[in-house]
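> fold the following, please.
(chains A and B)
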Amino acid sequence: MKMRITLGAISKPLSSLKIKTGDWGAEYPIVDKKKCTGCKECEIFCPDLCITVVKEGDDKFAVVNYDYCKGCGICASVCPAEAIKMELKDIYKV
Amino acid sequence: MMKVVRGFHAVAHSVKLCKPNVICAYPITPQTEIVERLAEMYANGELGSCEYITAESEFGAASILVGASATGARTFTATCSQGLALMSEVLINAAGMRLPIVLVNTNRALSAPLSIWNDHQDSMLMRDAGIIQVYVENNQEVHDMIPQAFKVAENRDVMLPFMICMDGFKLTHAYEPVDLLDQETVDAFLPPYDPPVKLTVNDPLTFGCYAPPQYYMEFRVVMQNAMMRAKKVMQDVFKEWAEATGRDWGGHVVNYHDDAEVVVVTMGSLTGLVRDVVEEMRGNGKKVGLLKLRTFRPFPVEDVRNAFKNAEKIIVFERAVSFGHEGPVAMEIKSALYGNSSPDVYSFAVGLGGRDVPRTLVEKCINNVMEGKIEPGFRFEGVKPFEEVIV
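Purely as a prediction, here's the structure:
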């Protein structure tokens, strides 16, 4: 199908479901499930609502939505348990 | 009805007749009296259902109009100089969002040094924004241009902001006889704005959405296409105006003399003086002519090529300089002629920051070129002797 170029770049709501912005970042956060206490500090601080703390049995831990995470590293910085590490994406490794 | 009025009144009266829905502005010399006059009309209940909104800055004013225009309102503002510079971030967005905002820029020099007086450096700053730019010679022309600007901007094939450039003080504050339009004439010429799409509470939309590299470029292609289509739309609207009012201002350019070997190019209020000088020289048998450039964006390449078919030398008088190169109009003319004809182009920057451009200076420049006393290229004219010091 041909691309549809709208007048004035107008789009209907929910366009962000199609346009993923997670590829902007150079780094991405990795959560160590064992260290994570599920305190939600990262969930509160994430500027892009990309972290949700989930329950799995008795465990609680943070899960990152990599479709929209831009790798700012705030989550890693605020984590009181030092459970989040920022890693460089493979394409940026030399 | 013919009346002697000042330029700002000619603008405000014409804006009123176009029945805008939202006017939003921030005062700046020498535009202030335009928006003061509109505010007065609003306070007196003369603007019908129009909303007049005062903003905290030009940035705010332009932003409010972007929102208003997106809801399908006919919108107007006026500004100049630092005000236009402050608006620029928003106006560039308005162009990309394809919003037909009409603005009058009362051309004023840019800081620093601070100057409230006239030149064209402010509007030249907006050259690449995707905004239509037309320069007017007198107050009747600006009065007539406002309904035409709305008609062009709101045309479905165009949908771009339209900036009318009038020389600050030289026109805004000048008393001139102006045949003021009546409501019937404007109503018959300009239908109410019928937006192709609009923002409503029940149907939310994003204007100017995010476009990653795989989508962005096509949006710029369609903007360029719209600008190129505007050339034809403007010509049609200019013609329609001439038929409706009996006042024919010509097309994108007005070429007064087909036989000239040396053609002088001007934009804006300088045209009147140069026309007078050229007519006198022609009376003395000199093969000199005048070309009045009305449309700067979209640039009328075909009209310029056609007008300069027989020219051997071209003189451009302009109230602007592109630092590090030459006069911006001279650059465009050279670019239009490249590969077609190759007359010598003389680029004169004159009258910056309100410096007077006397008749004798115009005569001297034209004579120097005609007599081969100077080389083609760029120079400032009307500059006093000076030395550069620190303090």
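
> how about the residues of chain B near chain A?
B:96-99, B:159, B:196-197, B:204-212, B:215, B:218-219, B:221-222 (CB under 8 Å from any CB of the partner chain). Every C-beta, even on glycine, is put in place using the N, C-alpha and C of the backbone.

> could you redo the last one with a cut-off of 10 Å?
B:69-70, B:93-99, B:156, B:159-160, B:195-199, B:203-212, B:214-223, B:226 (CB under 10 Å from any CB of the partner chain).

> list the contacts for the spatially closest residue to residue B:354 that is not a sequence neighbour?
Among residues not flanking residue B:354 along the chain, residue B:117 sits closest, at 2.3 Å (CB to CB, 6 or more residues apart in numbering or on different chains). Taking CB atoms under 10 Å, 6 or more residues apart in numbering or on different chains, we find residue B:117 in contact with B:29-30, B:81, B:107-109, B:167-170, B:351-356.

> backbone dihedrals for residue B:117, please?
phi -100, psi 180 (degrees, to the nearest 10).

> show me how far stretch A:65-83 is from its chain's centre.
Relative to the centre of its chain, stretch A:65-83 is centred 7 Å away, using CA atoms, centre = their mean, to the nearest Å.

> what comes up buried for that stretch?
A:68-72, A:74-76, A:79, A:83 (16 or more other CB atoms under 10 Å in any protein chain shown).

> count of neighbours near residue 22?
Using chain A. 16 (other CB atoms under 10 Å in any protein chain shown).

> hm, I was asking about chain B
20.

> go ahead and confirm residue B:381 touches residue B:360.
No - with contact defined as CB atoms under 10 Å, residue B:381 does not count as touching residue B:360 (11.1 Å).

> check which helices and strands the longest helix along chain B sits against.
If you go by DSSP state H, chain B has its longest helix at helix B:213-245. Applying 3 or more CB pairs under 10 Å, 6 or more residues apart in numbering or on different chains; DSSP states H and E, one finds that helix B:213-245 contacts helix B:81-96, strand B:132-135, helix B:139-153, helix B:183-189, strand B:295-297, helix B:301-307.

> report the inter-axis angle for it versus helix B:81-96.
With axes from the mean of the first three to the mean of the last three CA atoms, to 10 degrees applied, the angle from helix B:213-245 to helix B:81-96 works out at 110 degrees.

> relative to helix B:139-153, how tilted is helix B:213-245?
130 degrees.

> doesn't residue B:292 belong to a helix?
No - according to DSSP: H, G, I helix; E, B strand; the rest coil, residue B:292 belongs to no helix; its state is strand.

> surely it touches residue B:273?
No - in this structure residue B:292 lies outside contact range of residue B:273 using CB under 10 Å: 12.0 Å.

> which neighbours do the two share?
Joint contacts of residue B:292 and residue B:273 (CB under 10 Å, 6+ apart) are residue B:266.

> more crowded one of those two?
Shown here are residue B:292 and residue B:273; by other CB under 10 Å, residue B:292 has more neighbours (23 against 16).

> re earlier: which among the buried residues of stretch A:65-83 gets closest to residue B:10?
residue A:70 (51.9 Å; CB to CB).

> and the closest one, what is it in contact with?
Contacts of residue A:70 by CB under 10 Å, 6+ apart are A:21-28, A:47-48, A:50.

> that one and residue B:126: what is the separation?
32 Å (CB to CB, to the nearest Å).

> break down chain A into its strands, ranges please.
A:27-31, A:51-56, A:59-64, A:84-88 (DSSP state E).

> now the ones you listed as JSON lines including mean pLDDT and distance to residue B:138?
Below are the strands of chain A laid out as JSON lines (pLDDT from 0 to 100; distance: least, CB to CB, whole Å):
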{"stretch": "strand A:27-31", "mean pLDDT": "97", "distance to residue B:138": "61"}
{"stretch": "strand A:51-56", "mean pLDDT": "96", "distance to residue B:138": "64"}
{"stretch": "strand A:59-64", "mean pLDDT": "96", "distance to residue B:138": "65"}
{"stretch": "strand A:84-88", "mean pLDDT": "97", "distance to residue B:138": "64"}
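
> one step back: buried ones among the contacts of residue B:117?
Among those, those classed as buried by 16+ other CB under 10 Å are B:29-30, B:81, B:107-109, B:167-170, B:351-355.

> got the residue ranges for the helices in the stretch 251-391 of chain B?
B:270-283, B:301-307, B:328-337, B:359-370 (DSSP state H, counting those that start in this stretch).

> got the contact list for the second one?
By that I understand helix B:301-307. Under CB under 10 Å, 6+ apart, the answer for helix B:301-307 is B:228, B:231, B:235, B:250-258, B:260, B:263, B:265, B:289, B:291, B:293-295, B:300, B:314, B:332-333, B:335-341.

> what residues of that helix count as buried?
B:301, B:303-305, B:307.

> let me see the contact set for the closest residue to residue A:85 other than its chain neighbours.
Distances taken as CB to CB, 6+ apart put residue A:30 closest to residue A:85, at 5.1 Å, once the chain neighbours are dropped. Taking CB under 10 Å, 6+ apart, we find residue A:30 in contact with A:64, A:76, A:83-87.

> mark which of these are buried, thanks.
Buried, going by 16+ other CB under 10 Å: A:64, A:76, A:83-84, A:86, out of the contacts of residue A:30.

> need the pLDDT of residue 66.
Here I'm looking at chain A. As predicted, residue A:66 sits at a pLDDT of 96.

> not quite, I wanted chain B
So residue B:66 comes in at 98 (pLDDT).

> residue contacts, it?
Residue B:66 makes contact with B:24, B:75, B:90-91, B:93-94, B:97, B:99, B:101, B:161, B:207-208, according to CB under 10 Å, 6+ apart.

> okay, how far is it across stretch B:49-64, tip to tip?
The first residue of stretch B:49-64 is 17 Å away from its last residue (CA to CA, to the nearest Å).
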